[in-house]
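Engineer: build me a structure from this.
(chains A and B)
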Protein chains: 2
Amino acid sequence: MAENMSKYKLIYFNARGRAEHIRFIFAYAGIEYEDVRVSKETWSTMRHTVPFGMLPVLEMDDVVLGQSNAIARYLARQYGLVGKDEIEALQCDFMVDTLGDLKQVLWEYRSEVDPMKKEEKKATTIKETIPFYMNKFEKIIAQNGGYAVGESITWADFAFAVSLENFELIFGKDSLETYPNLKSLKEKVFSLPRIQTWLKMRPVTDF
Amino acid sequence: MAENMSKYKLIYFNARGRAEHIRFIFAYAGIEYEDVRVSKETWSTMRHTVPFGMLPVLEMDDVVLGQSNAIARYLARQYGLVGKDEIEALQCDFMVDTLGDLKQVLWEYRSEVDPMKKEEKKATTIKETIPFYMNKFEKIIAQNGGYAVGESITWADFAFAVSLENFELIFGKDSLETYPNLKSLKEKVFSLPRIQTWLKMRPVTDF
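Structural biologist: Okay, here's the model as predicted:
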């Protein structure tokens, strides 16, 4: 690593979760970084040492900051992954935050403890929320010729690809068949040579 | 307005809510825009015409996009409100998203319908979550000499100021007394001349 480059340390749990799209950016841009994975045991003692007690955290030079998408956006801007102009940078943010809305609904259903409420939420989520969002995403990606934003790879594609991997894990291997553009976006990202290299070396984790 | 400038239309409900920090950016930058406020009656018929059925939405030229903070960040970048460099732009995002985490906890407690759970959530929120976040925010703002990020006004200050106005409405006029730096940040933003002008002309709404 050149002397004048930041040394990055990405700290997260031993999971893909909210760090994997950040790791995809590093992999795609060919940037060295320390991929620190905190065990649950270590976490309980180190929790109070990281900003607002949350992971992921990015350490670089004298800066230590958290918030998954803030980190991803910063790195994406450094390495040319925010689209061709400020409007496309905005579109990346829009797509990532909207994907976040869908993930929030999925999380609310999956973390519901009351069995009755869980069934209700499951029904609404699967019958209404998921098709509503996925059909709209599908249409936008089709209009962009296979990209989340514009006509080239952005960090929004990475955010989608890692979420769609989880989608297939949760809802089954065939669950993206009805969304061919989303499916092929995921496959396109996953077959990028540098992402391929990362996929082969990354630790195997449940989520 | 000059011919080459975008014409902005900001569409939201008749509320401060998720649009007010955007309106503060427009006011501070001295940018003309159409402040469209949708009534509940109109909303039910127009809902399916806006991206992902959510407000706020920003219309400019041929672009129509949503997501409150994506819009605010885009405008902040246009009008020099993201700090002095990319690290400060990241710090703005970090502060705004962390404030969002606190707002999410507040919202979960306030929207809880089960009275028992609501009491539990209320206790945890007021005794633990709020002081945890507010004390950390207070410290960061003190270190920055009164700003959320760096040594000058950014859109993060606007996000804090409008949230702190709501904080005082919810928890009482004296609720910021124990957080003097947060209180003075709010007062500083609210006394900026162009923000003063906006405060005098904005519609009076409950939230």
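Engineer: leaving out the residues flanking it, which one is nearest to residue A:102?
Structural biologist: Residue nearest to residue A:102 in three dimensions, not counting chain neighbours: residue A:133, with 4.4 Å by CB to CB, 6 or more residues apart in numbering or on different chains. From N, CA and C alone the C-beta is placed, and that goes for glycine too.
Engineer: and chain A, which residues reach chain B?
Structural biologist: Residues of chain A found near chain B (CB under 8 Å from any CB of the partner chain) are A:51-54, A:63, A:65-67, A:69-71, A:73-74, A:77-78, A:86-87, A:89-91, A:93-94, A:97-98, A:101, A:132-133, A:136.
Engineer: can you list which of those are found in strands?
Structural biologist: With strands taken from DSSP state E, the overlap with the residues of chain A next to chain B comprises A:63, A:65-66.
Engineer: write a PyMOL command that selects only the buried members of those.
Structural biologist: In PyMOL, this line selects whichever of those come out buried by 16 or more other CB atoms under 10 Å in any protein chain shown:
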select buried, chain A and resi 65+66
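Engineer: closest one of the ones in strands among the residues of chain A next to chain B to residue B:28?
Structural biologist: Nearest to residue B:28 among those: residue A:65, at 24.9 Å, using CB to CB.
Engineer: I'd guessed the closest one sits against residue B:94; true?
Structural biologist: Yes: counting by CB atoms under 8 Å, residue A:65 touches residue B:94, with 4.8 Å between them.
Engineer: joint contacts of these two?
Structural biologist: Counting by CB atoms under 8 Å, 6 or more residues apart in numbering or on different chains, the shared contacts of residue A:65 and residue B:94 are residue A:51.
Engineer: chain neighbours aside, what residue packs nearest to residue A:36?
Structural biologist: residue A:11 (4.5 Å).
Engineer: name the element that neighbour belongs to?
Structural biologist: strand A:8-13 (DSSP states H and E).
Engineer: that strand: how far from the chain's middle?
Structural biologist: 15 Å (CA atoms, centre = their mean, to the nearest Å).
Engineer: kindly report the same for stretch A:27-42.
Structural biologist: 15 Å.
Engineer: also stretch A:109-124?
Structural biologist: Centroid separation for stretch A:109-124 versus its chain: 24 Å, with CA atoms, centre = their mean.
Engineer: show me the contacts for the residue nearest to residue A:102.
Structural biologist: Listed by CB under 8 Å, 6+ apart, the contact set of residue A:133 reads A:98-99, A:101-102, B:52.
Engineer: what of residue A:183?
Structural biologist: Applying CB under 8 Å, 6+ apart, we find residue A:183 in contact with A:164, A:176-177.
Engineer: separate out the buried members of those residues.
Structural biologist: Neighbour counting with 16+ other CB under 10 Å marks A:164, A:176 as buried within the contacts of residue A:183.
Engineer: what helix or strand does the most far-flung residue of chain A relative to its centre sit in?
Structural biologist: In chain A, residue A:116 marks the outermost C-alpha relative to the chain mean, sitting 30.6 Å out by CA atoms, centre = their mean. In this assignment (DSSP H and E), residue A:116 forms part of helix A:115-124.
Engineer: and the contacts of that helix?
Structural biologist: Helix A:115-124 is contacted by residues A:108-109, A:112 when judged by CB under 8 Å, 6+ apart.
Engineer: next, the buried residues of it.
Structural biologist: By neighbour count on 16+ other CB under 10 Å, the buried set for helix A:115-124 is residue A:121.
Engineer: with stretch A:78-98 instead?
Structural biologist: Buried residues in stretch A:78-98, counted by 16+ other CB under 10 Å: A:81-83, A:87-98.
Engineer: name the nearest residue to residue A:90, sequence neighbours excluded.
Structural biologist: Closest to residue A:90 by CB to CB, 6+ apart is residue B:74, at 4.0 Å.
Engineer: and for the one you found, the neighbour number?
Structural biologist: 26 (other CB atoms under 10 Å in any protein chain shown).
Engineer: tell me the confidence at it?
Structural biologist: Looking at residue B:74, its pLDDT is 98.
Engineer: contacts only, for it.
Structural biologist: For residue B:74, the contact set (CB under 8 Å, 6+ apart) comprises A:86-87, A:89-90, A:93, B:58.
Engineer: just to revisit the earlier point, out of the contacts of residue A:133, flag the one nearest to residue A:190.
Structural biologist: Using CB to CB, the contacts of residue A:133 come closest to residue A:190 at residue A:99, 16.9 Å.
Engineer: run through chain A and note the low-pLDDT ranges.
Structural biologist: For chain A, the stretches with pLDDT under 70 are A:1-5.
Engineer: can you pull out the helices in it?
Structural biologist: Assigned by DSSP state H, chain A shows helices spanning A:20-29, A:40-46, A:68-78, A:86-110, A:115-124, A:130-143, A:155-171, A:180-190, A:193-201.
Engineer: how is chain A carved up into domains?
Structural biologist: Following the TED database, chain A resolves into domains at A:8-80+A:194-201, A:86-191.
Engineer: I'd like those domains as TSV, with distance to residue B:122 appended.
Structural biologist: Formatted as TSV, the domains of chain A follow (distance: least, CB to CB, whole Å):
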stretch	distance to residue B:122
domain A:8-80+A:194-201	21
domain A:86-191	19
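Engineer: how about the ones you listed, which one is nearest residue B:39?
Structural biologist: Evaluated over these, closeness to residue B:39 peaks at domain A:86-191, with 23.6 Å, by CB to CB.
Engineer: now do the end-to-end distance for the closest one.
Structural biologist: End-to-end distance for domain A:86-191: 28 Å, by CA to CA, to the nearest Å.
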